[in-house]
Every structure is written in C-alpha cells, then in structure tokens.
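In: Based on what follows, work out the 3D shape:
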Amino acid sequence: MSLTHTLAILLALVAGLFVVSSSAPEPACAGVGSCGILPIKPIPPLGCTDLCPQCQCNADGSDCRWVWNCC
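Out: Residues are numbered from 1 along each chain as shown. The predicted structure follows:
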C-alpha cells in the first residue's frame, strides 16, 4: 500500500470520527421552525481552539440559522 493511499484512508477515518463526534444541537433550536439540524462543524480559524454552535433568529423568530462562535 502506498503512502498516499494510507494517508487518504487515515484522513477519511479522522473526518468520519469528526462528523460522529460533532456536538448536538442546542435544545432551544432543535424544534420545528428554528435552525433545524446542526451542520458539520467547520475547522476553527487561526487563534481559535474550538467553535461552538449558536442558533440565531431575527426579532420575530423566523429566518433562523446556525452561527459558529469561537469558544
């Protein structure tokens, strides 16, 4: 097995574990008419050790979306 093939398999395994270990949606945002299912966690930007999801809606409670904040 080549080094490239081995690295590709390792990267796929790490990505799979990352998806499985993603945090669950916040309870307030898990219902109908809110942010819905939490998307896959993005890679934190430089200077940020981790990202935390937050459901943000406009003033009347519509147009909700997930926002990732450095935590």
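In: Mean pLDDT per helix and strand in the chain: which one sits at the bottom?
Out: Lowest by mean pLDDT, DSSP states H and E among the helices and strands of the chain is helix 3-20, with a mean of 54.
In: now the protein, which segments are flagged as low pLDDT?
Out: Across the chain, the ranges flagged by pLDDT under 70 are 1, 3-33.
In: re the thing from before, tell me the helix or strand right after the least confident helix or strand of the chain.
Out: The first helix or strand that comes after helix 3-20 along the chain, using DSSP states H and E, is strand 51-56.
In: Following the chain onward from that following strand, which element is next?
Out: The first helix or strand that comes after strand 51-56 along the chain, using DSSP H and E, is strand 65-70.
In: Just the buried residues of that next one, please?
Out: Trp66, Trp68 (16 or more other CB atoms under 10 Å). Every C-beta, even on glycine, is put in place using the N, C-alpha and C of the backbone.
In: Name every strand pairing with it and say which way it goes.
Out: According to DSSP bridges, strand 65-70 forms sheet pairs with strand 51-56 (antiparallel).
In: Please save the CA atoms from the partner strand in CSV.
Out: C-alpha atoms of strand 51-56 as CSV (Å, rounded to 0.1, in the frame of the first residue of the first chain):
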residue,chain,number,x,y,z
LEU,A,51,-16.1,26.5,17.7
CYS,A,52,-19.5,26.4,19.5
PRO,A,53,-22.8,26.5,17.6
GLN,A,54,-25.4,29.1,18.3
CYS,A,55,-28.9,29.3,16.8
GLN,A,56,-29.7,32.9,15.7
